[in-house]
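K.L.:
sequence and predicted structure below; questions after.
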Amino acid sequence: MRSKNVEALRTLLALCDSETDSLQDTWNAVLECVSRLEYITSTPAIAATVMHGSNQISRDAVLQSLRELAGKPAEKVFVNSVKLPSDSVVEFFNALCGVSAEELRQTPARVFSLQKLVEISYYNMARIRMVWARIWSVLANHFISAGSHHDEKISMYAIDSLRQLGMKYLERAELTNFTFQNDILKPFVVLMRNSQSQSIRRLIVDCIVQMIKSKVGSIKSGWHSVFMIFTAAADDELESIVESAFENVEQVILEHFDQVVGDCFMDCVNCLIRFANNKTSHRISLKAIALLRICEDRLAEGLIPGGALKPIDISVDANFDVTEHYWFPMLAGLSDLTSDLRPEVRSCALEVLFDLLNERGSKFSSSFWESIFHRVLFPIFDHVRHAGKESLISSDDELFRETSIHSLQLLCNLFNTFYKEVCFMLPPLLGLLLDCAKKTDQTVVSISLGALVHLIEVGGHQFSESDWDTLLKSIRDASYTTQPLELLNALGFEGPTVLVTDSEVNTDNHQIDVSDNGHASPLPSPNISAHGTRGNQNAMVLLDHNQEFGLQSNLEGSEGLPSPSGRAQKPAEGVQRSQTIGQRIMENMMDNLFLRSFTSKTKARVSDASAPSSPIKIPDAVEPDAKEEVESPLMATVRGKCITQLLLLGAIDSIQKKYWSKLRASQKIAIMDVLLSMLEFAASYNSYSNLKMRMYHIPVERPPLNLLRQELAGTSIYLDVLQKTTSSFDAINEKQQQSNVDVASVHNDSSFTGHSSEEEKLEGVAEEKLVSFCEQVLREASDLQSSVGETTNMDVHRVLELRSPVIVKVLKGMCFMNNKIFRRHLREFYPLLTKLVCCDQMDVRGALGVLFRVQLKALLP
């Protein structure tokens, strides 16, 4: 560099001072010269290289001149930027950013222009916000690029420079409807999300913490970026960063909540939800959930404009949209946390979610409730509802099961608490419960139908007629959908391979029959718990029940209810004709799978849902290696459907015991039809022809698989319903006859007449069904008794042994039959009853003797 070069540079700097407005788009050249000037004067090695002169004196003179120019003349270039018009100052900043970018690419990188950017930003801080927005759009991208520099020292310098600018700008009061604070802090958000360096991320958090502590009263729109930075910190792998960020979020909420206003409140909520989801510390997760509850309380108190809830009787206006805008993210975030892998976190989230809904739900609008159910509550059960053939609930994950059970119970309780506000959500709620009930996982089935029974028992008194129609239709559809039609191709399920000994199974079958006094006490009560199955026995009984129902429905070619007649012989004949060697091999395999599953896995999967009421258990006689074999998908599907059918019986039993008087005649008939269809399925599978066919494929010492427990439970419920209907109607008639009510006036009352005709129709239907059912069971039993007298076939005796509990149940039920009905149909009953006198089964003869004493004795003169 020679003297002429120094003079040219001097002239350029003088021009910048005198003709500032004229340079326009040439600022890039000017600033590049200033950058090189600083580089030469601050680096002796470079100065020695570029200096040319005849002697040392001339070189020293040139260097001194450059140093003078690098001082005040060069500095005035940056100071005079405040004099530039709006468009020119934007060009100036843009040019300086370009020069700075070149400096950062050098080796080693230089930060001269980056430092000058901070300085001139200070000089121009007083410019109007519209101009500053244009300037910052240029600066922000450059600071993001500098903060991402591969040299960590350069990155930290850039971030610290950005902090200085942020602190300086926060000294200015932000005007209403302006969000420039948020724009100033946004580069921190980008750098926090993208940086791979723990030091950089820690520095960013420290910078934001410093800003909050020193400028908390000035932050307005900047809270948006502050919470976004803390949200990114919540996902950090370094626990110290997570803890530092959370401590400051906690301090903001507890001490400066009044500063968090408007849309920034939503960022606060999202930040807390992210902290609750962090995997580094469950302590932070639990505290974040607690802070969410605090935010909810303060929102409800009206500390957030537009967030306070109003009573639902106030006319709905636009504020309700604002309210939902504030409330919904909290509820949705808590809903997501209920699926957290940490049990303490999901339990806490579940508790806070339903506490919040129970506390504030009275002020929610119907549209908001609908949104809550569909977008907050129902998604909690998506993992169960949309499960495929493979169980998504591990048998080892007991805590998750408990959470699912508890969630469904809380959901049903919530529905019952706000029934008037949410009654329109009953169909989708039933859809959820019954969708879960159709799964193959036994625990899911038990949970969902247990919740259904809970819903009925707790809230049934509030149900309207349309609600009962919806409920009964759902149960009916579920009973059809869960028919194990897969069994139609393998009806035998019997093979030569025996996994359970004769004494074990016989013990079970005999003990669940009737005792000497004619009472079937060891048998499970028809009060089937819908919170779970009865252990291994129920699974086996349920299996057989469903086989029969599916068989008859298929043979009749209709999706409706099977016909009460012709249920035993034709299906058996059709099956016998279609038996092949391949089918028998499949039957042997499935037989082994059924027995292995029911004696080992069922208890483990289901026993946690509810304790069995019966002390009888199938002995665990399966070989150890057999237990370890994997259950086939078909087996799991069939068993799941079977358990569903039994639990549906429990749900129906709960309805008929507690709410029978609330139902209309048509609804009662619908219950009878569903019960009959389920009962006929089990009865057909347990019929003589089917049992005999299955016994043909197994050793003599071993009884066939059967659905006796299921048939017995269905029989008990069905008889209760029919007798309750016929006896109650008779009592009503007698009461009316004894009263002094004016009969003429009663008949003139059209409403009473309509109700009376419905009841008369119901009585006729119930009587017909009762008589038909009892006659059919007695006829089958008497036919078997006739066969015993004609042949010594041991199969008949074995079938009688198996069928005797059902026969006893019917005989005992006839003891409580309406006397008038019994007398009217004695001609049909009497021949069938007399054939049973010679029955070999003591329990049948005992029940028959009780029937004679109760019913026939009253008819004697």
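P.N.:
Okay, I see it.
K.L.:
when you work out contacts or count neighbours from here on, use the C-alpha atoms and nothing else.
P.N.:
Will do.
K.L.:
give me the pLDDT for P612.
P.N.:
Predicted confidence (pLDDT) for P612: 31.
K.L.:
ignore the last one, H510
P.N.:
For H510, the pLDDT comes out at 31.
K.L.:
run a quick neighbour tally on I669.
P.N.:
For I669, the neighbour count with other CA atoms under 10 Å is 19.
K.L.:
ok, now how distant is the nearest residue to it once chain neighbours are set aside from R385?
P.N.:
Spatial nearest neighbour of I669, excluding adjacent residues (CA to CA, 6 or more residues apart in numbering): L762 at 7.1 Å. From L762 over to R385 the distance is 37 Å, taken as CA to CA, to the nearest Å.
K.L.:
wait, what's in contact with W369?
P.N.:
By CA atoms under 8 Å, 6 or more residues apart in numbering, the contact set of W369 is 421-422.
K.L.:
7 Å instead, please
P.N.:
V422 (CA atoms under 7 Å, 6 or more residues apart in numbering).
K.L.:
may I see the buried residues of the helix or strand encompassing it?
P.N.:
According to DSSP states H and E, W369 maps onto helix 366-372. Buried residues in helix 366-372, counted by 16 or more other CA atoms under 10 Å: 366, 368-370, 372.
K.L.:
most widely separated two among these?
P.N.:
With CA to CA as the measure, no two of these lie farther apart than S366 and I372, at 9.7 Å.
K.L.:
quick check: domain ranges of this protein?
P.N.:
Using automatic domain parsing, the domain parsing of the chain gives 441-493+524-728, 759-861.
K.L.:
worst mean pLDDT among the ones you listed?
P.N.:
Among the domains of the chain, domain 441-493+524-728 has the lowest mean pLDDT, at a mean of 62.
K.L.:
and the nearest residue to A14 once chain neighbours are set aside, how far is that from S18?
P.N.:
Sequence neighbours aside, P73 is the residue nearest to A14 in space, at 7.5 Å (criterion: CA to CA, 6+ apart). Separation of P73 from S18 (CA to CA): 12 Å.
K.L.:
quick one, which of these two is more surrounded?
P.N.:
P73 (18 against 10).
K.L.:
give the helix, strand or coil label for that one.
P.N.:
When classified by DSSP: H, G, I helix; E, B strand; the rest coil, P73 comes out as helix.
K.L.:
what is the lowest-pLDDT residue among the buried residues of helix 366-372?
P.N.:
Lowest pLDDT of the buried residues of helix 366-372: S366, 89.
K.L.:
pull the contacting residues for it.
P.N.:
Counting by CA under 7 Å, 6+ apart, S366 has contacts 421-422.
K.L.:
now do it against S197, distance only.
P.N.:
In this view, S366 and S197 are 49 Å apart by CA to CA.
K.L.:
now do E91
P.N.:
Note on E91: its distance to S197, by CA to CA, is 33 Å.
K.L.:
higher neighbour count, those two?
P.N.:
Neighbours around E91 and S197, counted as other CA under 10 Å, are more numerous at E91. The numbers are 19 against 12.
K.L.:
what is the burial count for the nearest residue to that one once chain neighbours are set aside?
P.N.:
Distances taken as CA to CA, 6+ apart put D25 closest to E91, at 6.8 Å, once the chain neighbours are dropped. Residues within reach of D25, counting by other CA under 10 Å, total 12.
K.L.:
which pLDDT does the model give D25?
P.N.:
pLDDT for D25: 75.
K.L.:
likewise for L303?
P.N.:
Looking at L303, its pLDDT is 70.
K.L.:
go on, V118?
P.N.:
Predicted confidence (pLDDT) for V118: 94.
K.L.:
in which helix or strand would I find it?
P.N.:
helix 112-123.
K.L.:
residues touching the following helix or strand past that helix, excluding its own?
P.N.:
Downstream of helix 112-123, the first helix or strand assigned by DSSP H and E is helix 129-147. Contact with helix 129-147 is made by 86, 90, 93-94, 97, 155-156, 158-159, 187, 191, as judged by CA under 7 Å, 6+ apart.
K.L.:
just name the lowest-scoring one in those residues, pLDDT-wise.
P.N.:
Across these, the smallest pLDDT goes to S86, namely 89.
K.L.:
how far away is that one from A173?
P.N.:
Where A173 is concerned, S86 sits at a distance of 22 Å (CA to CA).
K.L.:
between those two, who's got more neighbours?
P.N.:
Each of S86 and A173 has its neighbours counted (other CA under 10 Å); S86 has more, 17 against 12.
K.L.:
what's the separation between that one and F92?
P.N.:
10 Å.
K.L.:
how about F275?
P.N.:
From F275 to F92 the distance is 43 Å (CA to CA).
K.L.:
can you tell me the closest non-neighbouring residue to V89?
P.N.:
V89 sits nearest to S81 (CA to CA, 6+ apart), 6.5 Å away.
K.L.:
my read: L286 touches V345, true?
P.N.:
Yes. Assessed by CA atoms under 7 Å, L286 is found in contact with V345 at 6.2 Å.
K.L.:
for G846, grab the count of nearby residues.
P.N.:
Neighbourhood size, G846 [other CA under 10 Å]: 20.
K.L.:
since that was my last question, I'll sign off now.
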